[in-house]
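Chemist: when you get a sec, could you give me coordinates for this:
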Amino acid sequence: MDTVVGCLPATVWQRHSAGNGAKGPRYYDWAWIHTGTGSHRHLLIRRNRSTGELAFYLCRSPTEVPFSELVRVAGVRWSIEECFQAAKGQVGLDHYQVRHLTSWHRHITLAMLALAFLTAHCQGVHGRTSRCRR
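Modeler: Prediction:
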């Protein structure tokens, strides 16, 4: 993949925000390469401006999607990861020993339900969720 990125001209890279983080907008350089014939398939590439670290996303959509929308959707990943980290720390999402899929499914469902309850409770008590997080 690094070979592909090395062949890209400097003009294909665009600076976009992947969404707001704890310290404001998260700006990266983004590029995309059309990979499918007759379909809406792309390889989306994110480059960290300071470290040069690369991340790759395979994108497929039923209709044509603007580049900025692909970047926005890729940026949503952070909020999902934050949710899982909160569930691990607050309600024990990662504390299980199961031998059957049904047991695992019950544990995960209960943990996520508990996190949803705590989030809703904090929203009602404080008007926002930031005070309830540690």
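Chemist: switch to C-alpha atoms for all contacts and neighbour counts from now on
Modeler: OK.
Chemist: going along the chain, name the helices of this protein.
Modeler: Assigned by DSSP state H, the helices in the chain fall at 2-7, 67-75, 77-91, 101-126.
Chemist: which stretch among the ones you listed approaches R15 most closely?
Modeler: Comparing these by their distance to R15 (Cα to Cα), the top pick is helix 67-75, with 10.2 Å.
Chemist: TSV for the helices of the chain, including mean neighbour count and distance to Q14?
Modeler: Formatted as TSV, the helices of the chain follow (neighbours: other Cα atoms under 10 Å; distance: least, Cα to Cα, whole Å):
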stretch	mean neighbour count	distance to Q14
helix 2-7	9	14
helix 67-75	15	10
helix 77-91	14	20
helix 101-126	14	36
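Chemist: of all those, which one comes closest to G21?
Modeler: When the helices of the chain are ranked by proximity to G21, the top entry is helix 77-91, at 8.5 Å, counting by Cα to Cα.
Chemist: how is the chain carved up into domains?
Modeler: Domain assignment for the chain, taken from automatic domain parsing, gives 2-75, 79-132.
Chemist: okay if I get the ones you listed as CSV plus mean pLDDT?
Modeler: Compiled in CSV, the domains of the chain are given as follows (pLDDT from 0 to 100):
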stretch, mean pLDDT
domain 2-75, 86
domain 79-132, 83
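Chemist: now the helices of the chain as TSV including distance to Y27?
Modeler: Listed next are the helices of the chain as TSV, based on distance: least, Cα to Cα, whole Å:
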stretch	distance to Y27
helix 2-7	19
helix 67-75	10
helix 77-91	13
helix 101-126	28
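Chemist: and the ones you listed: which comes nearest L58?
Modeler: With distances scored as Cα to Cα, the stretch of those nearest to L58 is helix 67-75 (10.0 Å).
Chemist: so which elements touch that closest one?
Modeler: Judged by 3 or more Cα pairs under 8 Å, 6 or more residues apart in numbering; DSSP states H and E, helix 67-75 is in contact with strand 14-21.
Chemist: buried stuff in the strand it packs on?
Modeler: Going by neighbour count (16 or more other Cα atoms under 10 Å), the buried part of strand 14-21 is Q14, H16, S17, A18, G19.
Chemist: good, wrapping up.
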